[in-house]
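S.K.: Need a 3D model of the sequence below.
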Amino acid sequence: MSAPKNPDLQSSMPRQTCPTCQRPLKVCYCSALVEIANRIEVLIIQHPLEQKHPFNTGRMAHLCLKNSELVVVESLSDTELAQLLKPKSALLYPSLSWLPAAEQVEAGTPQADELEQLVVIDATWRKSKKMLHLHPALQQLPRISLAGEGGSNYQIRHSSLANSLSTLESIVITMQQLEPERDFKVMLRPFEKMIALQKANFEPEKIRG
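M.R.: Below you'll find the predicted structure:
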């Protein structure tokens, strides 16, 4: 006669996760992933806490962009950062008052046409501020800032900054401006699937970031 099942033991067993998107299998969005052969490399510097977050849109962007690199770290040495950055790079970040003045890169200009790399910090606003303070070289990069681009569809995660976009949404808007000959908006398909699956299977998680 078999021993009765222990419900406490069953509930403590880890859920199976997809090795690609790292989401539980019932909310895996991989069937909606796309692949885009972008010219400008997208370097995503992701805070370690974001890697563990269930709504990791930085990883989603990396999975969709053929020419991208995802580095999970809070701080890098000057040498390590120099090895990652290309000669013609720009930082995607708002021009906030606490940042030093930097040259603004506008789509359609010769500087934008020559751009080799878009650097994106994937973190909460508080953590991204800390990461920038730890890396003065990033503060000095030419900057791309999004303004008046509309609201986010990121209904399952809240931000402390008004009009915030997810990392993926920000990359989509920016890359569409920099490389208009490609359709980066298709990257929203896995994003929208993730949101739909989350809302269908779980209560929306209200997380400040």
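
S.K.: Quick check: which helices or strands does the longest helix along the chain pack against?
M.R.: Among all segments of the chain classified by DSSP state H, the helix with the greatest residue count is helix 188-201. Helices and strands touching helix 188-201, as assessed by 3 or more Cβ pairs under 8 Å, 6 or more residues apart in numbering; DSSP states H and E, comprise helix 57-64, helix 167-178. For every residue, glycine as well, the C-beta is placed using N, CA and C.

S.K.: which of those helices sits most buried?
M.R.: The highest mean neighbour count among the helices and strands packed on helix 188-201 belongs to helix 57-64 (a mean of 24), with neighbours defined as mean count of other Cβ atoms under 10 Å.

S.K.: Now do it: which elements does it pack against?
M.R.: In terms of contacts (3+ Cβ pairs under 8 Å, 6+ apart), helix 57-64 is packed against strand 41-46, strand 68-72, strand 117-122, helix 167-178, helix 188-201.

S.K.: same for the first one, what does it pack against?
M.R.: Applying 3+ Cβ pairs under 8 Å, 6+ apart, one finds that strand 41-46 contacts helix 57-64, strand 68-72, strand 117-122, helix 167-178.

S.K.: Which other helices and strands does the last one contact?
M.R.: Put plainly, it is helix 167-178. Helix 167-178 sits against strand 41-46, helix 57-64, strand 89-92, strand 117-122, helix 188-201, with contacts defined as 3+ Cβ pairs under 8 Å, 6+ apart.

S.K.: neighbouring contacts of that helix?
M.R.: Residues lying outside helix 167-178 but in contact with it, judged by Cβ atoms under 8 Å, 6 or more residues apart in numbering, are 38, 40, 42, 44, 57-58, 60-61, 65, 92, 107, 112, 115, 118, 120, 122, 144, 146, 149, 152-154, 165, 182-185, 187-188, 191.

S.K.: related to what we said a few turns ago, centre of the chain to the longest helix of the chain, how far?
M.R.: Per Cα atoms, centre = their mean, to the nearest Å, the displacement of helix 188-201 from the mean C-alpha position of its chain is 16 Å.
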